[in-house]
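This is the structure alone, sequence omitted:
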């Protein structure tokens, strides 16, 4: 199949990609479930994905699922989860994936706001009864889909959906704000993100990918699109924990892995336990996004893991915005978020929406095929898009003459101290280079004299000794940080608060804790 959504022609659906790939390479594996005991590993081929998904679609149809029916599902990263999402795509149902770590507050909100008519759960998973929670919440059409899926004869199925421009996905923002928003996507927007991601990474049919993050994340269908377009398999990890998961990566010869900055750090920590032995001998590429990447982390990964690292920029609203390419320069790979694909427009503006020239910092705004259709709540959509149809991301940065995007923080991460703007990311990047710092987050806290004061929150590496504020300030001074940007408060924690998807730091919780 071709590289981009545009080149596929028309408005292809996810099911059309599944059908085409099954015809091209029916016997090739697409999903490999890695289990703790290698004897329990399972494999699904492209042909079996299509065949079984149609049978599951028929089973769901018998239960009353129709085109447009809203079906929420809260399932871990398993073959059955992908089969269910493929079956719903075959029916043209509207899917509302929910991260499996969420509980009553988030799940209840998603079910109510989406008006889900059915809800698939894993039953008791990792010691928690999801089905019982669903019943407490008054969910409709609850059924378990961990190991067994409803199946029937597909002969009675209606025709598959004809185009990919209808809203068929409701994703939920998570991680950096306390209140989620329902993000509306189409098959076409997700295909655009996945196809451009695969093209940027230079993946081929010889690769072996991996999905160690929740498949319910926006990255789930994007990754599936990559597999369908390029015909390579991915190893699924229901539970990702190092070092336990390493055997799965090794025995299946994974060539590309990643997820987010936190994943890079975890792989790096494991490599440092035995520097003389390559952690994953077949690994040639780490890739991901969803959180800032300190330049020092990039250099450490390349130097110590012996593979390439390409980092990108995406969000629930736009799963693929920019991506580093393996053949880019070291300086661009370390210091930028890569370049946008064809069909993605990036506009840097001032606070009033006026476009700014290359190299000048401003608000990042986006327009293109991969951008969502808006939000479930119409008022949120009206606020999110400017008059020209660009999504206002809330991120700050600039575009280089080469087209590479440099993110310098979020609008909420700009600390205004005595009237001067301070970038939290600039300070965080410097702190990440300190050998006694595992992870760092910098936030602005209310201050009656300064407006805001700079607070650095540090997570120490294993066995590390706590730094003092004086030591941190001295280090940053020597690194060349301007005096007015130096932290005035230091907090040391065992672990920074993170979300359960891509392990993004929850800065709003830090502000609440230390304000």
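Structure's in. What do you need? Keep in mind the model is a prediction, meaning the values are calculated, not measured.

And for this structure, the residue most distant from the center?
residue 449 (38.9 Å; CA atoms, centre = their mean).

pLDDT value on it, please?
Note on residue 449: pLDDT of 73.

With residue 115 instead?
Confidence score, pLDDT, at residue 115: 97.

Residue 416 now?
79.

Point out where the protein drops to low pLDDT.
1-10, 174-179, 500-502 (pLDDT under 70).

Which strands or helices does the lengthiest helix in it pack on?
Criterion DSSP state H: the longest helix present in the chain is helix 46-62. When contacts are defined as 3 or more CB pairs under 8 Å, 6 or more residues apart in numbering; DSSP states H and E, helix 46-62 sits against helix 14-24, strand 29-34, helix 79-91. C-beta here means a position set from N, CA and C on the backbone, and glycine is covered the same way.

Report the residue ranges of every domain in this structure.
Following automatic domain parsing, one gets these domains for the chain: 11-193, 418-514.

count of neighbours near residue 269?
Residue 269 sits with 14 neighbouring residues when counted by other CB atoms under 10 Å.

Check which helix or strand it maps to.
Element membership for residue 269, per DSSP states H and E: helix 261-271.

Give me the buried stretch members for that helix, please.
Within helix 261-271, the residues that count as buried by 16 or more other CB atoms under 10 Å are 261, 262, 263, 264, 265, 266, 267, 268, 270, 271.

related to what we said a few turns ago, tell me the most buried of the domains of the chain?
Most buried of those, by mean neighbour count (mean count of other CB atoms under 10 Å): domain 11-193, with a mean of 19.

Endpoint to endpoint, that one covers what distance?
14 Å (CA to CA, to the nearest Å).

Could you do stretch 165-182 as well?
Span of stretch 165-182 from end to end, CA to CA: 18 Å.

so the longest helix of the chain versus helix 14-24, what angle?
Helix 46-62 and helix 14-24 are oriented at 140 degrees to each other (axes from the mean of the first three to the mean of the last three CA atoms, to 10 degrees).

Show me what whichever strand or helix holds residue 510 is packed up against.
Under the criterion of DSSP H and E, residue 510 resides in helix 507-514. Helices and strands touching helix 507-514, as assessed by 3+ CB pairs under 8 Å, 6+ apart, comprise strand 439-447, strand 451-459.

Same list (these) but as JSON lines, adding distance to residue 286.
Formatted as JSON lines, the helices and strands packed on helix 507-514 follow (distance: least, CB to CB, whole Å):
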{"stretch": "strand 439-447", "distance to residue 286": "17"}
{"stretch": "strand 451-459", "distance to residue 286": "21"}
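
Of all those strands, which one comes closest to residue 296?
strand 439-447 (11.1 Å; CB to CB).

can you give me the strands for the stretch 201-350 of the chain?
209-211, 234-237, 256-259, 285-288, 308-313, 322-323, 344-349 (DSSP state E, counting those that start in this stretch).

can you list those strands in TSV and add mean neighbour count and distance to residue 372?
Formatted as TSV, the strands of the stretch 201-350 of the chain follow (neighbours: other CB atoms under 10 Å; distance: least, CB to CB, whole Å):
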stretch	mean neighbour count	distance to residue 372
strand 209-211	24	22
strand 234-237	24	24
strand 256-259	26	21
strand 285-288	22	20
strand 308-313	24	15
strand 322-323	26	17
strand 344-349	19	13
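
just to revisit the earlier point, quick one, which of the helices and strands packed on helix 46-62 is nearest to residue 351?
Among these, helix 14-24 sits nearest to residue 351 (CB to CB), with 38.3 Å.

what sits up against the closest one?
Residues from elsewhere that reach helix 14-24 (CB atoms under 8 Å, 6 or more residues apart in numbering): 1, 8, 30, 46-47, 49-51, 53, 86, 89-90, 160-161, 164, 187, 190-191, 221, 224-225, 227-229, 231.

of all the helices and strands packed on helix 507-514, which lies closest to residue 154?
Of the helices and strands packed on helix 507-514, nearest to residue 154 by CB to CB is strand 439-447, at 48.9 Å.

now for that closest one, which elements pack on it?
In terms of contacts (3+ CB pairs under 8 Å, 6+ apart), strand 439-447 is packed against strand 414-417, helix 424-432, strand 451-459, helix 507-514.

Out of the buried residues of helix 261-271, which is nearest to residue 495?
Nearest to residue 495 out of the buried residues of helix 261-271 is residue 262 (CB to CB; 11.0 Å).

Identify the residues contacting the closest one.
291, 498, 502, 503, 504.

between those, which is nearest residue 153?
The closest of the contacts of residue 262, once distances to residue 153 are taken by CB to CB, is residue 502, at 39.8 Å.

related to what we said a few turns ago, tell me which of the strands of the stretch 201-350 of the chain lies nearest to residue 356.
Between residue 356 and the strands of the stretch 201-350 of the chain, the tightest spacing by CB to CB is seen for strand 344-349, at 4.7 Å.

What are the contacting residues of that closest one?
With contacts defined as CB under 8 Å, 6+ apart, strand 344-349 is touched by 196, 320-322, 340, 355-356, 360-370, 388, 390, 397-399, 405.

Show me the residues you listed that map onto helices.
Per DSSP H, these map to helices at residue 196.

Just say helix, strand or coil for residue 113.
At residue 113, secondary structure determined by DSSP: H, G, I helix; E, B strand; the rest coil is helix.

so it makes contact with residue 184?
No - judged on CB atoms under 8 Å, residue 113 makes no contact with residue 184 at a distance of 11.6 Å.

quick one: the helices in the stretch 151-300 of the chain?
For the stretch 151-300 of the chain, the helices defined by DSSP state H, counting those that start in this stretch occupy 187-201, 219-230, 246-251, 261-271, 295-305.

Include distance to residue 69 when you put these into a markdown table, please.
Shown next, in a markdown table, are these (distance: least, CB to CB, whole Å):
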| stretch | distance to residue 69 |
| --- | --- |
| helix 187-201 | 16 |
| helix 219-230 | 18 |
| helix 246-251 | 35 |
| helix 261-271 | 35 |
| helix 295-305 | 44 |
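
so which of these comes closest to residue 105?
For the helices of the stretch 151-300 of the chain, the distance to residue 105 is smallest for helix 219-230, at 22.3 Å, taking CB to CB.

Any idea how far the closest one is from the middle of the chain?
Centroid separation between helix 219-230 and its chain, computed with CA atoms, centre = their mean, to the nearest Å, is 13 Å.

for stretch 159-178, same thing?
14 Å.

Then stretch 321-336?
Relative to its parent chain, stretch 321-336 has a centroid offset of 18 Å by CA atoms, centre = their mean.

List the contacts of that stretch.
With CB under 8 Å, 6+ apart as the contact definition, stretch 321-336 has outside contacts at 196-197, 200-202, 285, 287, 289, 295, 298-299, 302, 308-315, 337-341, 344, 346, 366, 370, 400, 402, 404-406.

Stretch 439-446 too?
The contact list for stretch 439-446 (CB under 8 Å, 6+ apart) reads 265, 413-417, 422, 424-425, 427-428, 431-432, 452-459, 487, 489, 496, 505, 507, 510-511, 514-515.

what about the closest residue to residue 111 other than its chain neighbours, helix or strand, and which?
Nearest residue to residue 111, sequence neighbours excluded (CB to CB, 6 or more residues apart in numbering): residue 139, at 5.4 Å. Under the criterion DSSP H and E, no helix or strand holds residue 139.

Surely residue 398 and residue 363 touch.
No - with contact defined as CB under 8 Å, residue 398 does not count as touching residue 363 (10.5 Å).
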